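> Just a sequence and a predicted model for now, questions to come.
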Amino acid sequence: MPHDADDKRALFQRVVDDVVDQIRTGTLKAGDALPTARKMADNYGVASMTAQRALRELQHLGLTYAVVGKGTFVHPLARERAGTDGKPVPDHGGTPAMADDPDLNRRVAEFLLRQNEIAGRIVDAMLAKDLHAMNAATQELADLKAAHHSLDDDIAKYEANAGIEPATTEPPTEAAKPRRTRKPRP
């Protein structure tokens, strides 16, 4: 990436902006691995420390998450969190990035990725009318949710500590229509 002398942005910000643009356009998708800091430094023609700073900033913005020993990955909600102007949307209407709790952010991301993977297998099995595969994937999804039952509590604690109002699932305010009943057959 050649450096434009007229561009007043810091080098790390140029890298961040380019990665954000790749997320917005779909070049980088949820779960995709980002290059290592060394590889990123080579690709962008910047110092390794500059690339590391860019990776930290992307994680701080909630667009990526790091798994120790594995690398840095695009967060499942990264595309929704990136605005149309390439800057993160401050209020995206969903679960906020838990930038000050990277472990919780990583756990949520890993859960969502695994959940989406299993849900995809359920849909594939339904389309193939493979009842056995559908039941197996459904059981796997139930097991995943049971194994991560404490995640809901951890998110609720985080939101309470951060002063974030929890999402409510209140019923609609309109009166529900009465159900029609079938007449018994003689």
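Arrived safely, thanks for sending.
> looking only at pLDDT, what's the mean for whichever helix in the chain runs longest?
Of all the segments of type helix in the chain, defined by DSSP state H, the longest one is helix 102-127. The average pLDDT within helix 102-127 is 81.
> And stretch 20-31, by the same measure?
If you average the pLDDT over stretch 20-31, you get 90.
> Please apply the same query to stretch 157-171.
pLDDT averaged over stretch 157-171 gives 61.
> Next, the angle helix 102-127 makes with the following helix or strand past the longest helix of the chain.
Next along the chain after helix 102-127, taking DSSP states H and E as the criterion, comes helix 131-147. Interaxial angle of helix 131-147 relative to helix 102-127 (axes from the mean of the first three to the mean of the last three CA atoms, to 10 degrees): 160 degrees.
> Give me the residues contacting helix 131-147.
Around helix 131-147, the neighbours that count as contacts under CB atoms under 8 Å, 6 or more residues apart in numbering are 111, 114, 115, 118, 119, 121, 122, 124, 125, 126. For every residue, glycine as well, the C-beta is placed using N, CA and C.
> switch to 6 Å and redo it
By CB atoms under 6 Å, 6 or more residues apart in numbering, the residues outside helix 131-147 that reach it are 114, 118, 121, 122, 125, 126.
> The last one: how many residues sit nearby?
In other words, residue 126. 14 (other CB atoms under 10 Å).
> which residues does it contact?
Listed by CB under 6 Å, 6+ apart, the contact set of residue 126 reads residue 134.
> hang on, the earlier thing: Produce a ChimeraX select command limited to the buried residues of the contacts of helix 131-147.
Restricted to buried positions by 16 or more other CB atoms under 10 Å, the ChimeraX selection for these reads:
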select :118,121,122,125
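> ok, so what distance separates residue 154 from residue 129?
38 Å (CB to CB, to the nearest Å).
> So the two - more neighbours on which side?
Higher neighbour count among residue 154 and residue 129: residue 154, with 16 against 8, using other CB under 10 Å.
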